[in-house]
Every structure is written in structure tokens, then in C-alpha cells.
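Trainee: Whatever this is, show me its structure:
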Amino acid sequence: MTETRSTCPYCGVGCGVIIASQGRDITGVRGDPDHPANFGRLCTKGSTLHLTASSAVTRQTRLLYPMRRANRGDAPQRVTWGNALDIASTRFAQIIREHGPDAVGFYISGQLLTEDYYVFNKLAKGLIGTNNIDSNSRLCMSSAVAGYKQTLGSDAPPSCYDDVKHAQCIFIVGSNTAYAHPVLFRRIEDAKAANPALTIIYVDPRRTDTAEIADLFLPIQPGTDVMLFNGMLHIMLWEGWLDAAWMAAHTSGFEALKATVRDCTPDLVAQTCGIKKEDLFEAARLFATSPATLSLYCQGLNQSSSGTAKNAALINLHLATAQIGKPGAGPFSLTGQPNAMGGREVGGMANLLSGHRDLGNPAHRAEVAAHWGVPEVPEKPGKTAVEMFQAAADGEIKALWIACTNPAQSMPDQATVRRALQRAELVIVQEAFATTATCAFADLLLPATTWGEKTGTVTNSERRISRVRPAIAAPGETRHDWSIATEFAQQLERLLPKKSPVALFPYSLTAPAQGVETVWNEHRELTRGRDLDITGMSYALLEQSPLQWPMPEGETAGKVRLYEDGIFPTPDGRANFVNTVYRPVAEPRESRYPFALTTGRLRDQWHGMSRTGTLGRLFGHVAEASVQMNVQDMARRLLKEGDLVHVTSRRGSLVVPVQASPEVALSQAFMAMHWGSEYLGGLSSIGQPLAGVNALSTSAYCPSSKQPELKHTAVKILKAELPWSLLAMAWLPEADALTAREQLKPLMAAFAFTSCVPFSSSAALADSPARTGVLFRAAGHEAPPTALLAEIEKILGLDGSYSLRYADRKKGQHRTVRLARHGSQAELTGFVMAGDTSAESWMATLLKEALPAQAYGRLLLLPGAKPPVAVQSRGKTVCSCLQVTDLAIEAHLAACHPHADTAQSTAEAQLASLQQTLKCGTQCGSCIPELKRRIRSQPAEAPAQNAPVRRIFPIQRHA
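Mentor: Numbering: from 1, shown residues only. Below is the predicted model of the structure:
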């Protein structure tokens, strides 16, 4: 066995991992105890990385060879790399000659490595001469970038992870940190345990699992963050809680802001945000008077039509109270993707240039052009993500090159995005997985390496650069992203007018380790003298340990936190207050669309689920898509748990089950961002295929950052009257399960509603091998043709001689079950029930729990919800690592009555008992917030008469 140190490919925490491999197979993964981002910890996603890289997953889901579609809609056919790149370069050169360089666009990804990003940026801006290159980081971090630059002068997060343990107040806003950055959340839990005086404020429209750790929760209305921050500043100003001396020495622009915040009175703020005035006062007091306040924020601020203003308004609070440049204090933007920071460093977006330079600055353009050896970098602003796809839909952009991202799932306003992909003359998709929705639109498919195979660097949220190393050889004919872009650029350079006397892309393709280091060294030189100067680093040093920037030449270590001297990278060295005026969401609720739909992450899934979606066990916590509503809203509309509903915005619609949630406030709804057309499908009322959650979202964006408002959409929710339903579930061999799911995908458009997901055994532990299954759910107005049901059965292996069948075409009833014998025992291994699916609860349990089924026989074909023999479910998975279910947790808590003096210590004792007995929460810890919530919701004995109640400090006001 070989072990290789690398970095996790998921969120921006940037956890170090140690990959175990044998030959060409990755066999295990564990957290790197020496990596300063995680010190050995991993979340549910990171700890299962090796399972997503198994040979079975690779064979069934990976894009392993270059493929070409001769005509749109055809099945792609394998071609050679030479043929694929000849087509790509010839077509690009032709389009550039006929329509100009701005007729092409590149849409790349925060999951690319820094070296990949750099080559694409140089290819577009240096060789082709277009700034039409943008990244899915535009959907993720561009408002944070703009906010930092407007206030502090540079896109440089001033804080670090270690600040969590130094903070006395942590202000979490617009981030479900427990789900989005689980390993960082473990640090917050540790800090709270080590320092009970640490106060945590949590601001979010939903009461998510992150709220479990909060001392004060502010459930603001969606999009009202600027009003909240301005209102807090109003109170700080009124109460004399500002650090006037520090402001006078280190900031400018406060007078204009002061005039704005004077109008943000507590009454107005409380009414607008939907919170109590007392809580507003307390949040302001805690933030301002704490010895060290650290803000943690993410997409709730960024994905907004006021995203830059939200970021700047929060940073205003730090500047007004001098909560910056010292241990435990500062505005800390949490990066959503593993290398969104690295992409920003090399200027891999339409408005940026390498080394944190601005495209609009002539001197910056000249510096980059001179370094690249080209006459100029184009001045004309490039199209950002939303603009690029709109331009392609309008016919302005003729060719799109999409790398390592899935815009047919993740971009807002999917109708426009898909029209763009259909209208473009040439669509090239460079991708590791062949299963993404965008692949279906590609003329050329170029196979790329992925985690465990790639080499290069990434930068995490705290400015720490880590090495990404290959553990195994690249499978099939996959190539590194930077090398694909390099070879294409070398070919295109020969077809376009010569711009440089020397080759623009002198990176070795035959020696990848040498080639990628050459790219990085070229990028490093462009940082010299800049705020992110990394000229003191080298690949050799990064081989020893990850390093933080800035680290100029001559330094031996990077800077842990920034602005400790109060000097900022602005022309006068002062930070700037921004006059942040509150503006409501782009699309307010109204009578026709009375619900505010927000989106966010699931605990165990990642983005479009091209990787996490290969593992049934990661669907244990949330098995299928749903829209969550407040139980009172459901009651008013006569909706029951599991009813299908139409969720409709001004742009599109989808059909999805409804779920009651205590997290969701009145007149709001929530749906996870992950559910695209790969897993959730159906047909609209006019017969158009549905495109997942982002068929609903608006493409309205922040005018400064161009980041779309993915966090808020006005929708209506109406019950879907679909009387005919189907549920099919089957265990399949590991080598066939994901292939079967891909075969079922085309059938999803045959029904008004469909859901197609993998699942695994809820009994799968370390000593019990996991099984893989596929679930296909559908609903419609009437029963489909018998041939369609037969095709589903064939794909799921239910057409053999060991299957029992019943059908009544007249009544639309259909039932097929497959039994497998093991000696004298029989086990249900698959079924299709159509028409009457009321037996789902016990039939699914019988299958998933592998319960004895020989006593049932033909009774499995009977309609009705009541099982012929009692069936006991193990419940829904809460702890994914050890497969501990909600029923097991509830049973333990019911039997566990620890004697303690306070409610707080009782809760701690119950958690300790759960961890000791059931072991849940003892591995990655991602389930701990949910365990605490379940403990809190349990009926408890009344506390002792003199027991203190957990509450934050009383409000103190100055005269």
C-alpha cells in the first residue's frame, strides 16, 4: 500500500488528506493530522472520498475518452485526442476570424487547480484576446471579493482559522457553517467548549443546525442583511460603542455612511428584518464591546442582488469598532469551493487579471502583457457568468468552452442557460464525469483527471496554499486540465496571427510534474510586490508544508493575519467605509408568488452531486429532493407531508414532494441547491422537461459583483393533482448500479414528476459490506404504456424468473417483486409498485433492512398500506459514518435520564451518553448539531428550582 498526501476537493476549508492506494486503485482516505487546516479531521463527504474514486464508480460514471457528437442529440462517439483538439482549434480559429475574439467564451471552475486556472486565463486574455472568461466562483465568491476591495483595498481575507479560538464573540451570518464547512464548525465547537464565555450570534432566515451552537439567533427576513448591519451600527453610534480614535487614524468615509445609518432606527430595522428590538440591541452590544469579534459569512451574503453591499456593510461594523487586525477579530469570508481563492489569485474571471490586478487599470494590463510577452491585454470588459450565457442565447457568443463545472445544473434561470447551450455553434465540455447535465449539450467532450489523479496547488479560505498530488495514474485517456488547455493553446497559436516571438505556452506535456511547476512559477512571478506576494514560496517548500500568503522573497513563513499595523492596501493606506444603502430583494414576494424560496446545502452532498451522488450512503441523511415549508403554511393549504406540489416562479416550475420543517419560517420555503435534472425531473404543463431547482431562480445580480441572487426567489406552491404513482427500488451489483441509474435518466421525461437516486443499506457498517441500490419514483395523470414499465423492470433486473407479478391495466395497478433465496431464507431484492404505492413504507423497509421475506410470498403483491406481517424500520440515518438512525437515538434518549443540576449539563450528559453507547458523533462529528437538536426537543424533566436558564447577557445601555 502507498500513502500520498493531498487536499480534499470539496469546500474552501482545504482539509489535508492522506490517500491510500494499491496499484491503480484508491483504497482509503483519512485526514492528515499534520495539515493546519484540519489536523486530521474530515467531514462525511471528505471521509468517503475513496469510495467515490473506486474502480466501479470510475468505470460507470467517468468520462474516460475524448468523445464527439456529429449532430446535436446524437450519442457521442469516441475520437482520438488529436482529432478532438484539431476540431476544437480549427473551429475556434474559424469563429475568431469570422466574428472576432469576443465571439468565444470560457466558463471555468473554482474546483480547478491554480495552474489550470492560470493557463485558461492566459489562453483567453493573452492568446485569443478576449476577456470572456469567467468562473462558477462568480456564483460563489464575487460579492466577497468586491466587498473586500471596496473597504479594505484588496481581495485578502484578513483572518485565519486559528482566530476562532481567540475570539470572544463569533458572528455567523448567511452561512450554515455546520453543513457548508463542517470541519471549521468542529473548531467553533471546540472553542465554545474551551471558553464557555465565548458568545456566538447566528443570523439566518432558517433555524439551521448551526443555530444549535448560538447564544443569540436572529431569524431575519431574506435579503435584509444590510438593514440589520446598518441598524447595529446605528445603535453602536448612539451608545458610543465606536472606536473613534482608531477610525480617525485608519479609516475614511464614515461621515457619508453615518448619514445613512441615522435613518436605520431600531423600530425600522426590527420591522424590516422581522426580529425583536431587544435582540438587535444585544447583537450590537456583543459585537461592539467584545474584546475580539470574528465574523464568519458565506453565500447568504454573497448570492444576492445586494451582495457587495451586504459584505461591505458587515465590514463597516468591523472598521467602526476596530475589530480587525488582532487575534480573534476580523471579517472572515468562508470560501465555498476548494480553489475559488486560487482562481482569484490568477485573475481567472472576466474583470480580474493575474496577481490581484484589475482589468480596468491600464497599468495593470500593461504589466501582465509584458510578463506574457504579448502586445496588450484587451481593455473591453468580458462577459461575466450570467452575461456570458445570455450572450450565447442571443447568438453573440458562438463558442463556449466549459471546464469542470455544470452550468446546466448550477446557473440561475435554466431556461436561458439551456437555450444558450443549444444555440451556440460549438460547445466543448472538459469534464471528469460523463453524468452531468451539461455533458448532454456538448459537441466535444474532453476527459479530465480529478481528485486522486491531479497535480498542482489550491488556496483555502485562510490564504493557505496546499499541494494536490496524484495517488494513482490517470484512468483511460484522461488528462490534466492545465495540459488540455496548454495543448489546445499551442495548436490555436499556430492558427492565429502571431502575437509573440516566443511560444506563449512553454509547459512540458511529456513531463507533467515539470510542466505544472513551470506554470506555477510563472504565476508566482506575477505576484511579486503585490498584496499576495508568494515569491518566497516554491514547490519544494510546499512539499514540506502548506504556506499562507503573503510570503515575499526572503521570508520563511507567511503572514497569519493581515492589517495588524492598521495600514491597508489603498492609495492612502486607510480602509474605506462604504455608504451601504439598504435595497430589498430583486423579486419581492407578492400575492401571485407569496413564498420566499431560499436555497442551500445538504450536510452530506456537494454542488451538483456528480461525485457525492455516486454513493448511496450519502443519501441516507436526505434521501430525495423536497421543498420544505412551515407546518402552518402547509395546514392552510391542506398539504400533507409527502404531497407533490408545483413550485413555480416567473421563469419555470418543478414538481417535488413537500416536507414540513421547523427550520423554515412562515411565508418562506427552502430547497437544497443540489437537486438538478440529473436527480429530479418531470414535465411542465406544456410538456417541457423540468430542469431542477435552478429552473426557478432569478438571474438578477449585484451591480458591483455581477453575482446572481440565488438565495431568494418569489414562488407559488400549489398541490399537484397526479393520481397515478410509481415506486421502483432494487439492489444491484456494485458494477451495474450507477449504469442502471444512467439508463433510467432518459425515462424521467416520460412522467410529470420523477426522482431517481441511489441508496444503500442502512445496516452497512465496517463489518457489514455496503449494498448499492437505485430508487426510481414517478407520478402522472394516468398510467403509462406497459412497455415503459417493462423497460424500468428490465433496467432494474426485475424481468427474470425469480420475480412475481400482478397487473390490472384497467385500474392502473401493477406490481412486480423479485426475491432471492439464501438457503431456507428468502429476501426481497427489488420491486416495482405502480398505481397503489401505499405499501411503500413497509416494502421499502423490507428491502433496505434485508428482513426475512419467505413468509410473505404472494402477499407482496397485495395492495394497501398495511403489511401482512409487522415490519419494523431501523429509521432514518442521522450519523452517516456509523449508520446510527433517528429511532435508535430517540430510544436511547427515552431510556437515558441523567441526573444533573442544570438543563445545560443534562444536555451535555445526554450527548456524552449517545456518543459512548451508540458512537454517533464520534467520527467526523457532522451529526453533532443534529444530535444536540434532538436532545433539546426531547421531553425533559423540569430543572431544579434554582437552576439557571441558559440565556445571553442582559442588555446594558449608556445614558
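Trainee: where does the chain have its least confident helix or strand?
Mentor: Sorting the helices and strands of the chain by mean pLDDT, DSSP states H and E puts helix 903-917 at the bottom, at a mean of 84.
Trainee: packing partners for it?
Mentor: helix 886-895, helix 928-937 (3 or more Cβ pairs under 8 Å, 6 or more residues apart in numbering; DSSP states H and E). Where you see a C-beta, it was placed from the backbone N, CA and C, and this is true even at glycine.
Trainee: May I have the first one exported as CSV, CA atoms only?
Mentor: To tie it back to what came earlier, the one meant is helix 886-895. What follows is helix 886-895 as a C-alpha-only set of coordinates in CSV (Å, rounded to 0.1, in the frame of the first residue of the first chain):
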residue,chain,number,x,y,z
ASP,A,886,-33.1,8.6,14.5
LEU,A,887,-35.1,5.7,16.0
ALA,A,888,-32.1,4.4,17.8
ILE,A,889,-31.2,7.8,19.1
GLU,A,890,-34.8,8.5,20.3
ALA,A,891,-34.9,5.1,22.0
HIS,A,892,-31.7,5.8,23.8
LEU,A,893,-32.7,9.3,24.9
ALA,A,894,-36.0,8.0,26.2
ALA,A,895,-34.2,5.5,28.4
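Trainee: So A146 belongs to a helix, correct?
Mentor: Yes: assessed by DSSP: H, G, I helix; E, B strand; the rest coil, A146 belongs to a helix.
Trainee: What residues does it make contact with?
Mentor: 307-308, 311, 702, 704-705 (Cβ atoms under 8 Å, 6 or more residues apart in numbering).
Trainee: for P758, same thing?
Mentor: Shown in contact with P758 (Cβ under 8 Å, 6+ apart): 613-616, 619, 737-738, 741, 772-775.
Trainee: Can you tell me which of those lies closest to R68?
Mentor: For the contacts of P758, the minimum distance to R68 (Cβ to Cβ) is 23.5 Å, reached by L738.
Trainee: Find the nearest non-adjacent residue to the closest one, please.
Mentor: Excluding its sequence neighbours, the residue lying closest to L738 (Cβ to Cβ, 6 or more residues apart in numbering) is Q60, at 3.9 Å.
Trainee: What separation do you get for the one you found and Q111?
Mentor: Q60 sits 21 Å away from Q111, going by Cβ to Cβ, to the nearest Å.
Trainee: between the two, which one's more packed in?
Mentor: Per other Cβ atoms under 10 Å, whichever of Q60 and Q111 has more neighbours is Q111, with 27 against 20.
Trainee: Can you tell me, leaving aside adjacent residues, what's nearest to that one?
Mentor: Using Cβ to Cβ, 6+ apart, the closest residue to Q111 is C404 (5.2 Å).
Trainee: Likewise for K745?
Mentor: Sequence neighbours aside, C756 is the residue nearest to K745 in space, at 6.6 Å (criterion: Cβ to Cβ, 6+ apart).
Trainee: what sits against the one you found?
Mentor: 679, 681, 741, 744-745, 748, 774-777.
Trainee: so which of the contacts of A146 is the most crowded?
Mentor: Counting neighbours by other Cβ under 10 Å, N311 comes out on top of these with 34 neighbours.
Trainee: I'd say that one and N302 touch.
Mentor: Yes: applying Cβ atoms under 8 Å, one finds N311 in contact with N302, separated by 7.2 Å.
Trainee: Next, show the common contact partners of these two.
Mentor: Contacts common to N311 and N302, judged by Cβ under 8 Å, 6+ apart, are 143-144, 333.
Trainee: Which one (most neighbours) among the residues you listed?
Mentor: Counting neighbours by other Cβ under 10 Å, A144 comes out on top of the shared contacts of N311 and N302 with 31 neighbours.
Trainee: how many neighbours does S109 have?
Mentor: Residues within reach of S109, counting by other Cβ under 10 Å, total 29.
Trainee: quick one, phi/psi of it?
Mentor: For S109, the backbone dihedrals are phi -150, psi 140 (criterion: degrees, to the nearest 10).
Trainee: And it, how far from A37?
Mentor: S109 is 21 Å from A37, by Cβ to Cβ.
Trainee: Where does pLDDT dip in the stretch 251-400 of the chain?
Mentor: Counting by pLDDT under 70, the stretch 251-400 of the chain contains no low-confidence residues.
Trainee: ok, now the stretch 51-200 of the chain?
Mentor: Of all residues in the stretch 51-200 of the chain, none has pLDDT under 70.
Trainee: mind running it again at 90?
Mentor: For the stretch 51-200 of the chain, the stretches with pLDDT under 90 are 73.
Trainee: on that earlier part again, what are the buried residues along the helix or strand containing the residue nearest to L738?
Mentor: Here Q60 is covered by helix 55-61, with elements defined by DSSP states H and E. Across helix 55-61, burial judged by 16 or more other Cβ atoms under 10 Å covers 56-58, 60-61.
Trainee: elements contacting it?
Mentor: helix 737-744.
Trainee: quick one: buried residues of the helix it packs on?
Mentor: Within helix 737-744, the residues that count as buried by 16+ other Cβ under 10 Å are 737-741, 743-744.
Trainee: ok, of those residues, which one's closest to C8?
Mentor: Taking Cβ to Cβ as the measure, C8 lies nearest L738 of those, at 22.2 Å.
Trainee: Look at the closest one and report its pLDDT.
Mentor: pLDDT for L738: 97.
Trainee: just G687 next, same as before
Mentor: For G687, the model assigns a pLDDT of 81.
Trainee: Count the neighbours of it for me.
Mentor: Other residues close to G687 by other Cβ under 10 Å number 8.
Trainee: distance of it from E98?
Mentor: As judged by Cβ to Cβ, G687 and E98 stand 36 Å apart.
Trainee: for I717, what are its contacts?
Mentor: When contacts are counted by Cβ under 8 Å, 6+ apart, I717 touches 595, 627, 629, 637, 645-648, 658, 669.
Trainee: at 6 Å what do you get?
Mentor: With contact set as Cβ atoms under 6 Å, 6 or more residues apart in numbering, I717 has these partners: 595, 645, 647.
Trainee: What of N630?
Mentor: Going by Cβ under 6 Å, 6+ apart, N630 touches 664, 666.
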